[in-house]
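Trainee: kindly return the folded structure for what I paste below:
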Amino acid sequence: MRKRSEDSQKVFARILIGIIVSTVATLLVASTILYVNYNRIALRQVYRTDMNGLTQTSREVSKMTETAKSLSYQIYQDYTISALLLYSNPSIYEITSAMEQLDNYRMSLPFIESIYVYNSKNDEFFISSNEVRNGQQSISEIDDQGITSILDRFHDYKPFVPIPRTYQVGSTEETQVSSYTYLCYDTINDNATLNYAVVVNIKDDWLSPNMNSADQPGKTFIINEQGQLLSDFSNRALMKDLSNETFMQPILENKEQSAYFTAEVDGIKSLITYTAPDNLGWRYVRITPYDLITSDIRNMRTHTVLFCIGLLIAGVFLSYLVSRKLYHPIDKVLVRMRVMEAERRGSLHLLRQDFLRGALQGRETVTGGMLEDRMKFYGSSVDVHRLTRLVLLRIDHFTDFSDTYRDEVQLIKYAMMNICTETADLYYHTEAVDMGSDLITLIFNDKVQDEADEHCAIEDLLRMMQAAVMTHLRCSISFTIGPVEDSLENSIASYTRSAEASLHRLFMGPGCLIYTSDIMAYHAKEYAFPVGKERQLIDCLMTGKTGEAKQVYADIVSETATYPFTVFQLALSHLTMTLNHVRNTLKKNNQLTLESISDRSMLPIHDAEDLSEVHAHFYRMFDELGSKVEEKRTLKHEELIRKINCIIERDYADTNLCLTSIADELAMSPIYVSRLYKQLTLKGLTDVINETRIAKAQFLLIETENSVADIAEQTGFTNSSYFYRMFKKFNGVTPNDYRRKELHSEL
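Mentor: Here you go, the predicted structure:
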């Protein structure tokens, strides 16, 4: 008994010592490893964060360039503004109309500082600006003298490449302006002489909120390949040469890659993150103070040491208690572990869904190794290193779908996901991810590497899914087919492109199959807005030809189907601006009661599932405009008929009264007056004149004793025989017989 007790004590002592030693060793090793790697991990994390920010800034610059390019093309091709570009002496009316149009372009994009239109024939600038310097300035008097030197050396600048510059504006009180200038020019004589140019100046502070936002530490700036500063950075002036500064040397030496390093900047040790040159040759650099990055690490180190000491003390005490309590029933622990394992398996599906959703939407930063570990942890059968394809499923007519199923929408979507995964199970390891709204992402992962020939054709498989969903759920679905990638990580990276391609369901209709590669190929095409059709649309709307206007509009929209979706959005935006211009013109010229089109009255494009919905929205506005024009035209026609009748009633006795005299008095074409009068009254104008004269003659025959010849002269007839013939034509009897008959009846 004593031996057992001694053995038990030895076991307890060994257990206690083993737990204590293991705890101490674990804490020491873990703390050492964590301390050594904290800085490295923090630097990499900050680098990734900074690189994401710099990439976003690069996208903003690209977006700014594309916007300036699109706007310059629109101005360049605008019929109204062409008078400023091409005419040597445009009239004041042409200048006024063109400047209004130019102001509309500038005000449509709030980040534009100013727009210049230069005509070399008269050396004049036409300026639209947020400041009071709007209007016309000669090349010798223009306050922005910097633009003249640019135009003098226009061969040194590529069109639509931003030119950072700082210049003075204002005639009385000069103001310094910094902006990015985009140049669109046309030349003659083999590019030897500048013909005309369109200059768009975009405010430099438009990028500042994205480059140096308050929630991100450090400073961001832009340089070109020569090391010249292209944005605001500390107290350094724009276009300052930074190539001589020490911290710039590694950046300029590494001409092709993005990277990071630590160095002193202005006497402060900093983390320097920089990108590879973009298509403009620009590089984006972020300077983050090193102390700011490592301050949390130092605090963490102190807290970790204190925590380890406390944990060590508590561990010694708990180790003693645990070693004393080892005789408690082990089966209770095992039962509890089985319960916990069951709960874990039940939650894995939801955890896997949330992780994949976050990865696809960019909320989760994943790498190959991390992605593989997470997928294994969540129990997925997908092999991250095998061929993978993303297919985006969209539920057609989702509004009706939601109204039909109401509270059961999530349940029906879950059933839809099960149908798709079971249908594809023979050929692929499949994951279905609910992305919210009408979108579900299917991840197809090859079961056997390099045996794609044994797989069912993807189109046949998706058609089977569509048929199964329609049979069981009575619901139509569309698919967007992404490219086959060599790993799950690359497929996740392609999600954004597939999501953009899925928007083309608007053109292809419900139940379509869209290939992402086909839609991405549209990006290689240059789109030019059909200005000629726009003018035709304006003419139709101004003249009330609603049917023709609808056809022209539909042609313009249908042409965007083979371009990126942003082209469709820009085309609709341009058409909206055109429609607004027409409404304002009609309102001004014809006193029509029309309200301008506001953003709230526009159709949310992403809510439309079919092009007919977009057409219906615009057609309603066309019909409203047409009805207003027709109503105004009807009132004008009624007033014109009243004037003509008054002229006939007034001048019936004038032998010269005829169609030509009436048209001359109205300052209108005789043919137009005759045709319009006939259309509106169903009577010829000459017949109405003769009817009026005969009616007056009937009155004179009864009420006076004048001779028939006198009465014919008094009622505008040139001779008695013609009067006799007209009178008999209208009354069936001669004037004398008519007088005798009427006088006899009175007796």
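Trainee: where's residue 253 relative to residue 245, distance?
Mentor: 13 Å (CB to CB, to the nearest Å). (C-beta placed from N, C-alpha, C; glycine too.)
Trainee: could you pull out the buried residues of the helix or strand encompassing residue 98?
Mentor: According to DSSP states H and E, residue 98 maps onto helix 92-108. Residues 94-95, 97-99, 101-102, 104-106 are the ones in helix 92-108 that count as buried (16 or more other CB atoms under 10 Å).
Trainee: could you do stretch 354-369 as well?
Mentor: 355-357, 359-361, 364, 366.
Trainee: in the stretch 401-550 of the chain, which spans are strands?
Mentor: Counting by DSSP state E, counting those that start in this stretch, the stretch 401-550 of the chain has strands at residues 428-434, 439-446, 477-485, 513-515.
Trainee: what's the closest of those strands to residue 180?
Mentor: Evaluated over the strands of the stretch 401-550 of the chain, closeness to residue 180 peaks at strand 477-485, with 35.1 Å, by CB to CB.
Trainee: contacts for that closest one?
Mentor: Here strand 477-485 makes contact (CB atoms under 8 Å, 6 or more residues apart in numbering) with 387-396, 416, 458-459, 462, 465-466, 469, 491, 494-495, 497-499, 501-502, 505, 508, 510-517.
Trainee: thought residue 241 was touching residue 224?
Mentor: No: here residue 241 does not reach residue 224: they are 10.2 Å apart, not a contact under CB atoms under 8 Å.
Trainee: just to revisit the earlier point, dump the buried residues of stretch 354-369 to JSON lines, plus distance to residue 720, pLDDT and secondary structure.
Mentor: Output for those, formatted as JSON lines (distance: CB to CB, whole Å; pLDDT from 0 to 100; DSSP: H, G, I helix; E, B strand; the rest coil):
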{"residue": "355", "distance to residue 720": "107", "pLDDT": "88", "secondary structure": "helix"}
{"residue": "356", "distance to residue 720": "103", "pLDDT": "89", "secondary structure": "helix"}
{"residue": "357", "distance to residue 720": "100", "pLDDT": "90", "secondary structure": "helix"}
{"residue": "359", "distance to residue 720": "103", "pLDDT": "88", "secondary structure": "helix"}
{"residue": "360", "distance to residue 720": "98", "pLDDT": "89", "secondary structure": "helix"}
{"residue": "361", "distance to residue 720": "97", "pLDDT": "88", "secondary structure": "coil"}
{"residue": "364", "distance to residue 720": "105", "pLDDT": "80", "secondary structure": "coil"}
{"residue": "366", "distance to residue 720": "107", "pLDDT": "76", "secondary structure": "coil"}
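Trainee: is residue 352 in a helix, a strand, or coil?
Mentor: Counting by DSSP: H, G, I helix; E, B strand; the rest coil, the backbone at residue 352 sits in helix.
Trainee: so it sits right up against residue 376, yeah?
Mentor: No: look at residue 352 against residue 376 with CB under 8 Å: they stay out of range, at 10.8 Å.
Trainee: residues contacting residue 361?
Mentor: So residue 361 contacts 435, 495 (CB under 8 Å, 6+ apart).
Trainee: same list (the strands of the stretch 401-550 of the chain) but as JSON lines, adding mean pLDDT and mean neighbour count.
Mentor: Conversion of those to JSON lines gives the following (pLDDT from 0 to 100; neighbours: other CB atoms under 10 Å):
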{"stretch": "strand 428-434", "mean pLDDT": "91", "mean neighbour count": "21"}
{"stretch": "strand 439-446", "mean pLDDT": "92", "mean neighbour count": "22"}
{"stretch": "strand 477-485", "mean pLDDT": "93", "mean neighbour count": "22"}
{"stretch": "strand 513-515", "mean pLDDT": "93", "mean neighbour count": "18"}
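Trainee: looks to me like residue 391 is in a strand.
Mentor: Yes: secondary structure of residue 391 (three-state DSSP): part of a strand.
Trainee: who's the closest residue to it other than its chain neighbours bridged to?
Mentor: Once flanking residues are discounted, residue 391 sits nearest to residue 442: 4.4 Å by CB to CB, 6 or more residues apart in numbering. The partner list for residue 442 in beta bridges (DSSP bridges) reads residue 391, residue 432.
Trainee: and residue 442, how far is that from residue 502?
Mentor: 12 Å.
Trainee: shared neighbours of these two, anything?
Mentor: Here residue 442 and residue 502 share the contacting residues residue 392, scored by CB under 8 Å, 6+ apart.
Trainee: determine the longest strand present in this protein.
Mentor: strand 175-188 (DSSP state E).
Trainee: work out the gap between that strand and the centre of the chain.
Mentor: Relative to its chain's centre, strand 175-188 lies at 25 Å (CA atoms, centre = their mean, to the nearest Å).
Trainee: direction included, what does it pair up with?
Mentor: strand 163-169 (antiparallel), strand 193-203 (antiparallel).
Trainee: looking at the ones you listed, which is buried most?
Mentor: strand 193-203 (a mean of 21; mean count of other CB atoms under 10 Å).
Trainee: now it against helix 92-108, angle please.
Mentor: Calculated by axes from the mean of the first three to the mean of the last three CA atoms, to 10 degrees, strand 193-203 forms an angle of 40 degrees with helix 92-108.
Trainee: need the residues that contact strand 193-203.
Mentor: Contacts for strand 193-203 (CB under 8 Å, 6+ apart): 64, 68, 71-72, 75-76, 85-86, 111-121, 147, 151, 154, 162, 177-188.
Trainee: average pLDDT for it?
Mentor: Across strand 193-203, pLDDT averages out at 82.
Trainee: need the contact list for residue 146.
Mentor: 165, 167.
Trainee: name the helix or strand for it, please.
Mentor: Secondary structure from DSSP H and E places residue 146 in helix 145-152.
Trainee: pull out the buried residues from the contacts of strand 477-485.
Mentor: Members of the contacts of strand 477-485 classed as buried by 16+ other CB under 10 Å are 387-396, 416, 458, 462, 465-466, 469, 491, 494-495, 497-499, 501-502, 505, 512, 514-516.
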